[in-house]
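Q: Okay, structure incoming, though there's no sequence with it:
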């Protein structure tokens with residue numbers, strides 16, 4: 001991520017800047033992707049898909065798949081609160097402790113479990 005810098009609301013790529021209306025909580029580089037988790041205020045009950053991936057030129061590649069699309073039977077849908085890449089897996093958790101495994105290449109949800 002040496003050529004990529006960020007401020008609270010902006011990612012600066014070599015040739016492009018990407019600005020968000022929400023604060024960047026976490027920024028991770030995984031291979032050829034820069035993945036941003038945006039901080040969603042508790043009062044915002046509409047923004048749920050708050051993980052976005054960009055290529056190294058700053059072009060948006062994907063937004064995380066909607067939880068309601070993958071898991072329509074869940075009673076509550078919340079934005080993501082944490083994002084990590086470990087053991088070759090991209091994982092995001094929500095406020096309820098549900099951990100979602102995300103495909104780095106396309107943003108699709110692969111699986112879900114509960115963090116203890």
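A: Happy to help now that I have it. Keep in mind that what you see is a predicted model, and the values were worked out from it rather than measured. Numbering: from 1, shown residues only.
Q: Direction included, what does the helix or strand harbouring residue 53 pair against?
A: Using DSSP states H and E, residue 53 sits in strand 51-54. The strands beside strand 51-54 in its sheet (DSSP bridges) come out as strand 33-38 (antiparallel), strand 60-63 (antiparallel).
Q: check contacts around the residue nearest to the spatial centre of the chain.
A: Centrality entry for the chain: nearest residue to the mean C-alpha point is residue 51, 2.1 Å, by Cα atoms, centre = their mean. For residue 51, the contacting residues are 35-38, 63-64, 80, 83, 92, 102, 107, by Cβ atoms under 8 Å, 6 or more residues apart in numbering. (Each C-beta comes from the backbone N, C-alpha and C, glycine too.)
Q: which residue sits closest to it in space, ignoring its chain neighbours?
A: Of all residues not flanking residue 51 in the chain, residue 64 sits nearest, at 4.0 Å (Cβ to Cβ, 6 or more residues apart in numbering).
Q: So what would you say the end-to-end distance of stretch 33-47 is?
A: Terminal residues of stretch 33-47 lie 22 Å apart, using Cα to Cα, to the nearest Å.
Q: Report the rounded mean pLDDT for that stretch.
A: Per-residue pLDDT over stretch 33-47 has a mean of 90.
Q: hmm, who's touching it?
A: Contacts of stretch 33-47 (Cβ under 8 Å, 6+ apart): 1, 4, 11, 13, 20, 22-29, 48, 50-56, 61, 79-80, 82-83, 85, 90, 92, 104-105.
Q: Mind checking which of those are in strands?
A: Among those, DSSP state E puts 11, 24-29, 51-54, 61, 80, 82-83, 85, 90, 92 in strands.
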